[in-house]
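Trainee: below are the sequence and a predicted model for it; my questions follow.
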Amino acid sequence: MATLMKRYTEYNDRLKARGATLIKFACPGCNKDIETLPAPTGEFWDSLAECPHCEVRYLKITDGPTARGVSPQQDTAA
């Protein structure tokens, strides 16, 4: 079975080969860069994701050309 990092890298490589532009954001667990597709202008995406570096689960929020990760342990009320 392929590792999470291998699947992540292969998926992003396929996207880039097709000309996709990826955006970067910091993992809320390890602070390493993660690449993802931007949401179309005016759209907001959220999904449960897992960091390919440290395997922490987090909520990925993509709002147009920006993305961020929110850890369930983070206080989002502040």
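Mentor: That came through, no problem. Numbers count the residues shown, from 1 in each chain.

Trainee: so where's this structure uncertain?
Mentor: 1-2, 73-78 (pLDDT under 70).

Trainee: show me where it has helices.
Mentor: In the chain, the helices defined using DSSP state H lie at 4-17.

Trainee: bridged to Ser47, which residues?
Mentor: Lys60 (DSSP bridges).

Trainee: tally of neighbours for it?
Mentor: Neighbours of Ser47 under the rule other C-beta atoms under 10 Å: 10. To be clear about C-beta, it is placed using only N, CA and C from the backbone, and glycine gets the same treatment.

Trainee: that one reaches Tyr58, doesn't it?
Mentor: No: using C-beta atoms under 8 Å, Ser47 is not in contact with Tyr58; the gap is 9.9 Å.

Trainee: just the residues contacting stretch 14-33, thanks.
Mentor: 12, 34-38, 51, 53-54, 56, 58, 60, 62, 65-71, 74 (C-beta atoms under 8 Å, 6 or more residues apart in numbering).

Trainee: and Pro38, what does it touch?
Mentor: Per C-beta under 8 Å, 6+ apart, neighbours of Pro38: Thr21, Leu22, Ile23, Thr62, Gly64, Pro65, Thr66, Ala67.

Trainee: please repeat the previous calculation with a cut-off of 10 Å.
Mentor: Ala20, Thr21, Leu22, Ile23, Trp45, Thr62, Asp63, Gly64, Pro65, Thr66, Ala67 (C-beta atoms under 10 Å, 6 or more residues apart in numbering).

Trainee: give me the buried subset of those residues.
Mentor: Thr62, Ala67 (16 or more other C-beta atoms under 10 Å).
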